[in-house]
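Participant: Whatever this is, show me its structure:
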Amino acid sequence: MIERRIPARPVRFKVDFECCPVEASLGVLGRKWSMLVVRDIGLYRAQRFNEILRATPGLTKRALSLRLHELEREGFIRRAAQEPKYVRWELTPKGRDVLPVLMTLVQFGAKWHADRVFADHRSRPLTEIFEEAYIQKILEVPHRVPERPGPLGARLTATPAAPASASA
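Facilitator: Sure thing, here's the model as predicted:
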């Protein structure tokens, strides 16, 4: 049996929540295949129905159709082009905001599930998987400027953050 320790004092948030933000975010994104469909469109650049289907073994046509409609309804993707037998999908700004989360999952999987992810079972940093410019592009959120750099961004970049100055 795993023993879990609960902190004596819970974390104090600066604001009150109506609902947990993680729970709210996992609404559609937490459904089976949803994150993989976003991955296919955003990271793999698969834009058409059959391209997405080929990129994800085990995904059925019915499940893909359901996920595409849910992701579209929730504003993660939109139809970039549509003709009688041709639909091309693209991420919306909301969908592009999921890409850093996916990049974090790639990093986690490459470290902790290397035995399943790589043929040689060796864990790898992101910089061995993607070009550094691509990592920076995915992690870049151009319409938002953070108040201060957080540890997540520093962990995902190839170059370590500079140490803080002692004169502060």
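
Participant: contacting residues for the residue minimising distance to the centre of the chain?
Facilitator: Closest to where the C-alpha atoms of the chain average out (C-alpha atoms, centre = their mean) is Leu102, at 2.1 Å. If a contact means C-beta atoms under 8 Å, 6 or more residues apart in numbering, then Leu102 has 35, 38-39, 42-43, 138 as its contacts. All C-beta atoms are positioned from the backbone trio N, CA, C, and that covers glycine.

Participant: top of these by neighbour count?
Facilitator: Using other C-beta atoms under 10 Å as the neighbour criterion, Val38 leads the contacts of Leu102 with 23 neighbours.

Participant: was I right about Ile135 contacting Thr127?
Facilitator: Yes. If you go by C-beta atoms under 8 Å, Ile135 and Thr127 touch, sitting 7.0 Å apart.

Participant: the more surrounded of those two?
Facilitator: Remark: of Ile135 and Thr127, Ile135 carries more neighbours, 21 against 13, as counted by other C-beta under 10 Å.

Participant: three-state assignment of that one?
Facilitator: With DSSP: H, G, I helix; E, B strand; the rest coil as the basis, Ile135 sits in helix.
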